[in-house]
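> 3D, please:
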Amino acid sequence: MEKNFDEWNKLKKKIDADESDLFIKNRQVWWCSIGLNIGSEQNGHGDNFERPVLVLRKYSAGTFLGIPLTSKQKEGNYYFKLEPYFGVISYAILSQAKVIDRRRVRRMIYEVNHQEYQKIIERYKSLF
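Numbering: from 1, shown residues only. Sure, this is the predicted structure:
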C-alpha cells in the first residue's frame, strides 16, 4: 500500500499552527489526526488521517497519553475490548499508547465509564 506522506505533511503543518484550546479529560474518546506512521504503527484514516483515541492520562493542558482504538477484533494482553458504543465494539491497542498533543484532537466521540476506565488502567499497568 502506497502511503501519501506528502498529503499528511501538508495537514500536519496546518495542525501545528492550530491554536485551539479544547478541554480534554481522562476517559474521553476523541477523533485525533494521528497521521501516517511507519511500519506496524497505527495510522489515521480519511482526509484528516484520523483514528479514535482514548485519553488515558492528561499530562497538561497541551498533552495527554492516548491509546489508539480499532474496530478490528484483537485478542491478547496488548488489547482491551471496550463496551459497545452505539453498537460498535472497539479495542484499545495498549501497546501503542503514546503522548499526543491536543492540537491533533478533532471532536469528542464519547466517554468510557469509570469502571471500564479503571479496568483499562489496570490492564495497561500489567504490561510493565
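
> What is the burial count for W30?
Residues near W30, counting by other C-beta atoms under 10 Å, number 23. From N, CA and C alone the C-beta is placed, and that goes for glycine too.

> Determine the three-state secondary structure at it.
strand (DSSP: H, G, I helix; E, B strand; the rest coil).

> And the residue nearest the centre of the protein?
V53 (2.0 Å; C-alpha atoms, centre = their mean).

> Identify the bridge partners of that residue.
V53 has these beta-bridge partners by DSSP bridges: W30, P68.

> Okay, it and E2: tell me how far apart.
Using C-beta to C-beta, to the nearest Å, we find V53 at a distance of 25 Å from E2.

> ok, and for the lowest-mean-pLDDT helix or strand in the chain, which residues are buried?
Lowest on mean pLDDT, DSSP states H and E among the helices and strands of the chain sits helix 5-17, with a mean of 91. Going by neighbour count (16 or more other C-beta atoms under 10 Å), the buried part of helix 5-17 is W8, L11, K12, I15.

> again with stretch 69-83
L69, Y79, F80, L82.

> ditto for stretch 110-117
Per 16+ other C-beta under 10 Å, stretch 110-117 contains these buried residues: V112, Y117.

> quick one: terminal-to-terminal distance for it?
13 Å (C-alpha to C-alpha, to the nearest Å).

> same check, this time on stretch 36-50
Stretch 36-50: ends 9 Å apart by C-alpha to C-alpha.

> Just the mean pLDDT for it, thanks.
Stretch 36-50 shows a mean pLDDT of 88 in the predicted model.

> just stretch 56-73 next, same as before
The pLDDT scores in stretch 56-73 average 96.
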